[in-house]
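Asker: coordinates for the following, if possible.
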Amino acid sequence: MFLRSLLTKINKNKYIDEDIIKKLSRLGIFTITDLFLHYPRAWEDRSKIIPLSEFQKSPFCCVPVKVITREYMGYGNTRAMKAYIEDENGSQAVLLCFNLKKRPWLEKQLTIDSKHMVYGEFKIGNYGELQCSSFDIASISSKKFGKILPVYPLTSGLKQEALRRITANVLEQYSNKIENELPDKIIEKYNLLSKSKALNEIHYPSSMEELERAKKTIIYEELFYLEVMVGKRAIERRMQKTRVKAAESREQGAGSSLTTLQNMLLQRLPFELTKGQLDAASEINGDMNNPVPMARLLQGDVGCGKTLVSFLAALFAVEKNGQAVIMAPTELLARQHAENAARLLEPLGIRIAFLTGNIKAKGRKELLKNLLSGKIDIVVGTHALFSNDVEYKNLTFVVIDEQHRFGVTQRALIIKKGTAIDDVSPNAKSSPDLLMMSATPIPRTLALTVFGDMDVSVIKDMPPGRKPIITHLAKESNEKKVYDFIDKELAQGKQAYFVYPLIEEGDELKDAVSMSERLSKEIFPKYKTALIHSKIDEEEKKQIMDDFRKGKIQILAATSVVEVGVDVPNATCMVIEHAERFGLSALHQLRGRVGRGKDQSYCFLVYSDVLSEDGKTRLKVMLENTDGFVIAEEDLKLRGPGLFAGTEQSGYMTLGLANPIRDIEELNKAREDVFSILENDPDLLLGDNRIIARVLEEAPPFSEVAL
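Answerer: Okay, the predicted model is just below:
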């Protein structure tokens, strides 16, 4: 059977009781499959002796020792013991035994002249002694030594030894029943292990060399099926487009030309679109002219003009008698989109509505009625757009802004709203055209992986006249210089943001609430300061932002709630306190809140005087780069891929060991192999490799996942 078909539940036996079952459930382990897929986070190589003298070559020593003497430190609950040990070569070290009250067995085991096997990380301590505080000991003949042991992620109350015993027992019972999930020719091509062998070697390696083969096997397999999911959708869309006759496309009009309403909007603008905006609009028009539903990702750096491109696309949908939805993750961003849409599109006769969870019942009822009757052309809002009671007359176009902030289910729910209520057109698309937008650029590596079946438009240029933002790093102890600089900018009529990691006091970090008061009363008493964060009422937020936009407020103290959806051209200064606490993408988004006008803008990253190496690395990336794509690549290298662009992983999309950034070579191999099989070798969908066919059958259509 296949691994993921092994749905036998973890039941009580001589190794597992009800308490253990509860603890396993906290780790997401309910079935035999779950247990097998709970991979070790590390391995302890106890297969060979590593004497104490070699601690500099290998800090983890595995050696037989004798206790030569003991010393005690502290009293009562803090009582600790130092057990001095010596190995067969005469090298000595100290085992630090803290918390003796909770670990009394250490005192009983580590008696003078007693002999043990010891495994632990040894290093030179404060007094020049070779010491270890985290170690495992056992009798010289113990089965815990002479092998490589897994180190599993644990939960409270579950011990490493218990999980090792359970896994070993279940492997013995079930692993030989597991069939291969990769085609035989792939296994042979890359000298991979069988699935059964890979599972045994990943949990209990027979050697470090076989462990590496097991890792390689599982990583490749995970990436292979990730690409199968992507490849299926990519080929389906390609085939759909191929089946569309050229004559049908001609009847519907040239794909790239702008429509009447689109041209009317451009004529009203006091500026010209950039080449990137025009190219993206043309590509989107071509897709929306095609009978196959569009699935396009629009990428571009902060401030490049993606929203305007989405407005042009919405006009295309309206001109074809459809309705459009523009969905944003926050009310702040949704409101800004709605206000801009009203300002730009209502003069063209377009009927705009704004829908969030905070719309009052009376107004909401009327709005929903107009949506259903078709009296609203474009509705802008948040998650409320896919509420159960929201129905559309003919939703043909969906925009999802900041797409990575929405989960798979949320995207699917808004897409499902696209089935027209009274549609009788034989040429209707099976689902709405979908445009997803991201101001957090997705590197090519992940774009290929997750959005491999989507068309991608990239706006690389910025509106003319904008100057690059100058970024400065400042220690917290030197922040007076930052305040002095901001004071000069404010004196010239400019505005500033001050962003903090916390809303209220805690964790020894500056917070928005107390710093807002300090900015107002102590640092910049001549200027008006306002406070904004997620707990403030939406109406109050709106009023504050309106006043800031109009210049009635000079300083805005905030949390990262201003990361998206804030566009104030007169704001030229962004100060981010405790900048080391923010991720690179968040720092880049926050920095993009300034530099939206023609004046020179500045971003000050204020960091703690004591800074970790990771913090230094991230801030250096921000100092040296303004390209969002470069920053996104660096962010992924530092943080790992996490959940791919908001994709909730499940089933064959789950990555247990693979990391598409680290394993990019394996990813490219898997992608090449998968597309070759899907396009040229359909026989591999049958027989012993029917697992591929099953995955293909189970892979959801693009409109039901993140893509």
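Asker: from here on, contacts and neighbour counts on C-alpha atoms
Answerer: Fine.
Asker: give me the element residue 604 is part of.
Answerer: Per DSSP states H and E: residue 604 is located in strand 602-607.
Asker: residue 334 contacts residue 341, doesn't it?
Answerer: No: under the criterion of Cα atoms under 8 Å, residue 334 is not in contact with residue 341, lying 10.4 Å apart.
Asker: state the pLDDT value of residue 522.
Answerer: Per-residue confidence (pLDDT) for residue 522: 94.
Asker: strands of the stretch 251-400 of the chain, start to end?
Answerer: Using DSSP state E, counting those that start in this stretch, the strands of the stretch 251-400 of the chain run over 295-300, 323-327, 352-355, 378-381, 395-400.
Asker: mean neighbour count, distance to residue 465 and mean pLDDT for these - can I get that in TSV?
Answerer: Listed next are these as TSV, based on neighbours: other Cα atoms under 10 Å; distance: least, Cα to Cα, whole Å; pLDDT from 0 to 100:
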stretch	mean neighbour count	distance to residue 465	mean pLDDT
strand 295-300	23	18	87
strand 323-327	27	28	95
strand 352-355	21	31	94
strand 378-381	26	29	96
strand 395-400	28	28	94
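Asker: among those strands, which comes closest to residue 634?
Answerer: Evaluated over the strands of the stretch 251-400 of the chain, closeness to residue 634 peaks at strand 295-300, with 16.9 Å, by Cα to Cα.
Asker: what pairs with the closest one, parallel or antiparallel?
Answerer: Pairing partners of strand 295-300, with direction, according to DSSP bridges: strand 433-438 (parallel), strand 455-459 (parallel).
Asker: ok, residues contacting the first one?
Answerer: Applying Cα atoms under 8 Å, 6 or more residues apart in numbering, the set of residues contacting strand 433-438 from outside is 288, 293-300, 306, 310, 396-404, 415.
Asker: how far out from the middle of the chain is it?
Answerer: Strand 433-438 sits 18 Å away from the centroid of its parent chain (Cα atoms, centre = their mean, to the nearest Å).
Asker: and the shortest one, by the same measure?
Answerer: Put simply, strand 455-459 sits 20 Å off its chain's centre (Cα atoms, centre = their mean).
Asker: partners of the helix or strand following that strand in the sheet?
Answerer: Next helix or strand after strand 455-459 toward the C-terminus (DSSP H and E): strand 470-475. Here strand 470-475 has these sheet partners by DSSP bridges: strand 602-607 (parallel).
Asker: follow-up on the earlier one: so which of the strands of the stretch 251-400 of the chain gets nearest residue 470?
Answerer: Once these are compared by Cα to Cα, strand 295-300 is nearest, at 19.9 Å.
Asker: just the CA atoms of the closest one, as PDB, please.
Answerer: This file holds the C-alpha atoms of strand 295-300, laid out as PDB (Å, rounded to 0.1, in the frame of the first residue of the first chain):
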ATOM      1  CA  ALA A 295      -5.400  32.800 -13.800                       C
ATOM      2  CA  ARG A 296      -2.700  35.500 -13.700                       C
ATOM      3  CA  LEU A 297      -0.300  36.700 -11.000                       C
ATOM      4  CA  LEU A 298       0.600  40.400 -11.100                       C
ATOM      5  CA  GLN A 299       3.800  41.100  -9.300                       C
ATOM      6  CA  GLY A 300       5.500  44.500  -8.800                       C
END
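Asker: is residue 433 in a bridge, and if so with what?
Answerer: residue 397.
Asker: look up how far residue 387 lies from it.
Answerer: 20 Å (Cα to Cα, to the nearest Å).
Asker: from the contact counts, what lies against the strand or helix carrying residue 671?
Answerer: Element membership for residue 671 (DSSP H and E) is helix 664-680. Packed against helix 664-680 by the contact rule (3 or more Cα pairs under 8 Å, 6 or more residues apart in numbering; DSSP states H and E) you find helix 208-243.
Asker: in stretch 131-143, what counts as buried?
Answerer: Going by neighbour count (16 or more other Cα atoms under 10 Å), the buried part of stretch 131-143 is 131, 132, 135, 137, 138.
Asker: likewise stretch 359-366?
Answerer: Using 16+ other Cα under 10 Å as the burial criterion, the residues of stretch 359-366 that qualify are residue 364.
Asker: need the contact partners of stretch 194-210.
Answerer: Residues contacting stretch 194-210 (Cα under 8 Å, 6+ apart): 36, 39-40, 45, 147-150, 167-168, 171, 175-181, 187, 211, 213-215, 217-218.
Asker: go with 6 Å
Answerer: Residues from elsewhere that reach stretch 194-210 (Cα atoms under 6 Å, 6 or more residues apart in numbering): 148, 150, 175, 176, 178, 180, 211, 214.
Asker: restricted to strands, list those.
Answerer: Residues of those located in strands (DSSP state E): 148, 150.
Asker: mind giving me the PyMOL command for buried ones among the contacts of stretch 194-210?
Answerer: In PyMOL, this line selects whichever of the contacts of stretch 194-210 come out buried by 16+ other Cα under 10 Å:
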select buried, resi 148+150+175+178+180+211+214
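Asker: want to throw the contacts of stretch 194-210 into a markdown table with pLDDT?
Answerer: Conversion of the contacts of stretch 194-210 to a markdown table gives the following (pLDDT from 0 to 100):
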| residue | pLDDT |
| --- | --- |
| 148 | 94 |
| 150 | 95 |
| 175 | 90 |
| 176 | 90 |
| 178 | 90 |
| 180 | 89 |
| 211 | 96 |
| 214 | 97 |
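Asker: closest one of the contacts of stretch 194-210 to residue 613?
Answerer: Nearest member of those to residue 613, counting by Cα to Cα, is residue 150, at 28.8 Å.
Asker: what about the residue of the chain positioned farthest from its centre, helix or strand, and which?
Answerer: Residue distances from the centre of the chain (Cα atoms, centre = their mean) peak at residue 113, which lies 53.5 Å from the mean C-alpha position. Using DSSP H and E, residue 113 maps to neither a helix nor a strand.
Asker: pretty sure it contacts residue 67?
Answerer: Yes: counting by Cα atoms under 6 Å, residue 113 touches residue 67, with 5.1 Å between them.
Asker: low-confidence ranges in this structure?
Answerer: Counting by pLDDT under 70, the chain shows low-confidence ranges at 233-256, 403-409, 411, 419-428, 440-453, 506-507, 563-565, 636-654, 682-707.
Asker: can you list the domains in it?
Answerer: The record assigns the chain these domain ranges, following automatic domain parsing: 48-146, 304-438, 470-625.
Asker: still on that earlier bit, can you put the buried residues of stretch 131-143 in CSV and add distance to residue 315?
Answerer: Formatted as CSV, those follow (distance: Cα to Cα, whole Å):
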residue, distance to residue 315
131, 71
132, 68
135, 67
137, 72
138, 73
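Asker: mind checking which of those are in strands?
Answerer: Judged by DSSP E, the buried residues of stretch 131-143 include 131, 132, 135, 137, 138 as members of strands.
Asker: chain center to stretch 144-159, what's the gap?
Answerer: 28 Å.
Asker: so for residue 257, which of the domains of the chain sits nearest?
Answerer: Checking the domains of the chain against residue 257 by Cα to Cα gives domain 304-438 as the closest, at 10.8 Å.
Asker: how far does the closest one stretch from one end to the other?
Answerer: OK, domain 304-438 end separation, Cα to Cα: 11 Å.
Asker: circling back to that earlier point, from the contacts of stretch 194-210, pick the one nearest residue 351.
Answerer: Closest to residue 351, out of all of the contacts of stretch 194-210 and judged by Cα to Cα, is residue 180, at 57.0 Å.
Asker: chain neighbours aside, what residue packs nearest to that closest one?
Answerer: Of all residues not flanking residue 180 in the chain, residue 195 sits nearest, at 5.0 Å (Cα to Cα, 6 or more residues apart in numbering).
Asker: now for that neighbour, how many residues are close by?
Answerer: The tally of other residues near residue 195 (other Cα atoms under 10 Å) stands at 24.
Asker: again, but for residue 626
Answerer: Counted with other Cα under 10 Å, residue 626 comes out at 18.
Asker: helix/strand/coil for it?
Answerer: State at residue 626, reduced to three classes by DSSP: H, G, I helix; E, B strand; the rest coil: coil.
Asker: residues contacting it?
Answerer: By Cα under 6 Å, 6+ apart, no residues touch residue 626.
Asker: for it, phi and psi?
Answerer: phi -120, psi -10 (degrees, to the nearest 10).
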